[in-house]
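Trainee: predicted coordinates and the sequence they were generated for:
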Amino acid sequence: MINNNLKNITRAKGLENAIVVSILLFLFSLIFPQHDSFLLSLINEVLVFLVLLFVLSYIKPLLSSKTDSPFTLVLNAGILAALIFSIISVSDSLFGSLAEKDANLNIINSLFSIIIIFIFIVAVIYILASFRELFFLRQKKDLSIYFNTMQVFFLLTFFSNLLLKIDKNFDYPYNSFFVVSIVLISLNSLRVAWIAFLVKKQKLYLLLISTILSILFGLNFGLLLNESNTIRQIIFSFSPGLYSVLSLTMIYGMIYFGVIFFTTLFHLPTAEAFDRKAQEASSLMDLTKLITQVFDFKELAETVTSITAKVCNSYSAWLVTKKGNDYELNSVHNISYVDADKLIKMLLDNEESDLLRVQTFYYDSVSSELRNEMKEFKSIAIAPLKLQGEINGFLFTARQKDVNFDEDEKKSLQAFADYATVALENAKLLAESIEKERLEKELDVARDIQRKILPNNVPCSKNFQVAALFVPAFEVGGDYYDFFELENQRLGFIVADVSGKGISASFIMAEVKGIFESLSKLIPNPRDLLIKVNEVLKDSLDKKSFVTVIYGVLDKEAGKLNFARAGHPPVFLCSDNKVERLQPGGIGIGLDYTNGFANSLKEMQIVLKNDDILAFYSDGIPEAKNARNDDFGYERFEQIILQNKNKNLDEITNILMHDLTLFSKDHSQHDDITLVLIKWNKKN
Amino acid sequence: MADFNVNLRGVGSVSVIDVNGYLDAHTAPELENVFNKLLNDKHYKVVVNFNDLKYISSAGLGVFMAYVETMRENRGDIKFSNMKENVYNIFDLLGFPILYEFYKDENEAIQKFSELSRS
């Protein structure tokens, strides 16, 4: 910012100073049109130098903004050289007559020559400043010392002219400075690094321009050497120093453009390769950007194919990814989907095992069958999309010309294939993480529903104790248990398991709860109730879903239990030192909506004695698995109840859970675990 | 996770599906694909051979429930054979034997189909 301001100030000042000094110089030359005294010459030369300096300080920042386009600099310098040339060449006819008519320089004539001189000053400075910018363009090292040294010698040459005023024969310093300047010009002209970065078309253009400009600058220099040339006379008489700087500038232009011509000429054969590499690098950069920004693989695949075709100098390109054992064509460039598909099938069918690196196929070397398909293409290259040794797909590129793919092209093809691999993997991971997040959210909802559906407390009574245990599986099974206080001192209870998992299971569970909440009050008989539930659920269960249920009604005073079972695991009754499995007939709800359901369903009635324990549970307990995939089974379950029957119910559930956890410690719990225990204990 | 494999073969006009391994919510879609293919090809007589099935979950059972109706409407059926005891118990508990035919041997089930079409 400050730097910028400073630049602006110096630039403004440069213009101001240049104008002031120019006016001074103008007045000076009007007052002393001809001067032979050394002092006046010195003043004149200093004024000219100051004008040069200030114009330079004005133009320099102007040009430094154009460093991105060396062509503009070259063209501007060329236009000015052409301007100089035209002025010099028409001057003879224009001024020649003037000078002849009136040998004494009149006011108009000197005014005219001063204008010419100012034009020349600006042109020379502009050309020099342009050369300076070109000199520093694309240079990686600080080379200012070389250019500055040259400028110093220009300066020395400029002022050494004055020595000739003193003694005509004292031309030794002037000549040596002039020669050293030319040597330095030649050295500095070799700094043409920027040419390498032009594209081939620009190089060809530059070749032409540099020829013209080199000749133009040479002509200018040659014309100015001619002592009879009017312009030379005008300038030399005005300021010998300006004349020498003008000459040096013309020499610089001649040499510089000559060097440019030859350098460009030598760069031409590699221009194409250079262009391709540059394009490759910029394409890879674009791709990298795309990969981080674009998550749509399709879009990226299209970019990859079009860039591949361009960089590999081929006509068509297409990208396939593996889907199981099949291939999916992701994008095509300059080829129809149908043709690409055919070629993929033909090329991959027999070659896939070898395609760990880039492979090429040439028209002459392929089977006639394939040749038929390849009629438009003379050569095809294939690169695998490899990730951790696994091939995820292929990138193809094909040429119509009969030109082999070289190593560089194969390498860039593989590079693009690798990029496509990364992008593919990114897209896949993203989709997976979104899906995972969605599933987890869904499971959170399902768990929440389940938690709200299950009762907070178990009923208690002086005649019996109840204990309940519920351990949800990660994926949320469909277990449900509940208790309903009914009229006439009865307790209804349900243990159910909805098939399936996750949110769909929990919704059905909620529906089941609603149905039982209302129907249990209306239908006292468990079997009738289950038949009704089967009818009601017909409309909401899909074909592959079912619900297993045990529903019972316990008379809290008499200890009489009526229950029915619809496809659910049997009830355990622990009584008199043994465990009995109670399994009245009944198919699961949702398996059959005809009379078959009612026909299969049997109701059972038992009368409980003191210390009898009833166990209702879901299949999560007997089907719990250990590392060897053995079931926990019914026997282990029965034994635990039998051995602990004298403990209180909470202790029994704890022991069961403990044993179950131990048993399945190396196997994840994949279903909900539900256990409801009822112990009859009537005090008389 | 548990492995599951399913193989489809034709024995005369009957399609036999061999199920192998663990059939649960994660592997059930593979079996569904086979049934969808059968429906597409209008093959409605199906025997499922459970010889190599080690475990079936409720989601696995659901697959058969989802397709049996269509098979029966088209004068076909899904019949089960070669079931191990532990797997059979799961079917039994749910009441499947009331609704489906179970056979000790695959050929018996196939035989049953041909008897049916003869009558």
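Mentor: Happy to help now that I have it.
Trainee: next one: phi and psi at A:Leu541?
Mentor: Geometry field for A:Leu541 lists phi and psi as phi -90, psi 130, criterion degrees, to the nearest 10.
Trainee: nearest spatial neighbour of it, skipping sequence neighbours?
Mentor: Closest residue to A:Leu541 apart from its sequence neighbours, by C-beta to C-beta, 6 or more residues apart in numbering or on different chains: A:Gly590 at 4.4 Å. C-beta: built from backbone N, CA, C; applies to glycine.
Trainee: residues touching that neighbour, list them.
Mentor: A:Gly590 sits next to A:499, A:534, A:537-538, A:541, A:545-547, B:65 when contact means C-beta atoms under 8 Å, 6 or more residues apart in numbering or on different chains.
Trainee: cool, A:Cys312 as well?
Mentor: A:381, A:397, A:405, A:409, A:412-413.
Trainee: try 6 Å this time
Mentor: A:397, A:409, A:413 (C-beta atoms under 6 Å, 6 or more residues apart in numbering or on different chains).
Trainee: how close does it get to chain B?
Mentor: Distance, A:Cys312 to chain B, by C-beta to the nearest C-beta, to the nearest Å: 40 Å.
Trainee: so which of the contacts of A:Cys312 is the most crowded?
Mentor: Highest neighbour count within the contacts of A:Cys312: A:Thr397, with 33 neighbours (other C-beta atoms under 10 Å in any protein chain shown).
Trainee: direction included, what does the helix or strand hosting that one pair against?
Mentor: A:Thr397 is part of strand A:390-399 when elements are defined by DSSP states H and E. According to DSSP bridges, strand A:390-399 has the following sheet partners: strand A:316-323 (antiparallel), strand A:379-387 (antiparallel).
Trainee: tabulate the ones you listed (a markdown table), appending mean pLDDT and mean neighbour count.
Mentor: Below are the strands paired with strand A:390-399 laid out as a markdown table (pLDDT from 0 to 100; neighbours: other C-beta atoms under 10 Å in any protein chain shown):
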| stretch | mean pLDDT | mean neighbour count |
| --- | --- | --- |
| strand A:316-323 | 87 | 22 |
| strand A:379-387 | 87 | 22 |
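Trainee: quick one, what contacts the residue of chain B found nearest chain A?
Mentor: Residue nearest to chain A within chain B: B:Gly95 (2.5 Å; C-beta to the nearest C-beta). By C-beta under 6 Å, 6+ apart, the contact list for B:Gly95 reads A:567, A:587-588, A:600.
Trainee: inside helices: which ones of the residues you listed?
Mentor: Using DSSP state H, the subset of the contacts of B:Gly95 located in helices is A:Ser600.
Trainee: so what's the backbone phi/psi at the nearest residue to B:Asp24 once chain neighbours are set aside?
Mentor: Using C-beta to C-beta, 6+ apart and skipping the chain neighbours, the partner closest in space to B:Asp24 is B:Ser57 (4.0 Å). Main-chain torsions, B:Ser57, degrees, to the nearest 10: phi -100, psi 180.
Trainee: got the strands paired with strand A:390-399 as CSV, with distance to B:Val14 columns?
Mentor: Below are the strands paired with strand A:390-399 laid out as CSV (distance: least, C-beta to C-beta, whole Å):
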stretch, distance to B:Val14
strand A:316-323, 32
strand A:379-387, 43
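Trainee: where does chain B have low pLDDT?
Mentor: B:1-2, B:117-119 (pLDDT under 70).
Trainee: so where's the longest strand in it?
Mentor: strand B:45-56 (DSSP state E).
Trainee: name the residues that touch that strand?
Mentor: With C-beta under 6 Å, 6+ apart as the test, strand B:45-56 has contacts from B:13-20, B:22-23, B:76, B:78-83, B:87, B:90, B:106, B:109-110, B:113.
Trainee: and those residues, which of them are buried?
Mentor: B:14-20, B:22-23, B:76, B:78-83, B:87, B:90, B:106, B:109-110, B:113 (16 or more other C-beta atoms under 10 Å in any protein chain shown).
Trainee: out of those residues, which sit inside helices?
Mentor: Using DSSP H, these in helices are B:87, B:90, B:106, B:109-110, B:113.
Trainee: can you narrow those to ones near chain A?
Mentor: Among these, proximity to chain A is found for none (C-beta under 6 Å from any C-beta of the partner chain).
Trainee: show me where the stretch 551-684 of chain A has its strands.
Mentor: Per DSSP state E, counting those that start in this stretch, the stretch 551-684 of chain A carries strands over the ranges A:560-566, A:571-575, A:578-582, A:603-607, A:613-617, A:673-680.
Trainee: tell me if the helix or strand hosting A:Lys428 is near chain B.
Mentor: Using DSSP H and E, A:Lys428 maps to helix A:407-453. No: Helix A:407-453 does not reach chain B (C-beta under 6 Å from any C-beta); its nearest approach is 12.3 Å.
Trainee: neighbours around the residue in chain A that chain B sits nearest to, how many?
Mentor: Closest residue of chain A to chain B, C-beta to the nearest C-beta: A:Ile587 (2.5 Å). The number of residues packed near A:Ile587 is 25, by other C-beta under 10 Å.
Trainee: I'd like the mean pLDDT over the helix or strand that A:Arg527 is a member of, please.
Mentor: Using DSSP H and E, A:Arg527 sits in helix A:526-537. For helix A:526-537, mean pLDDT is 94.
Trainee: and if you look at stretch A:450-470?
Mentor: Mean predicted lDDT for stretch A:450-470 stands at 90.
Trainee: hang on, the earlier thing: so the residue nearest to A:Leu541 versus B:Val6, what's the distance?
Mentor: To B:Val6, A:Gly590 is 24 Å away according to C-beta to C-beta, to the nearest Å.
Trainee: which residues of chain B lie near chain A?
Mentor: B:25, B:58-59, B:62, B:65-66, B:94-95, B:98-99.
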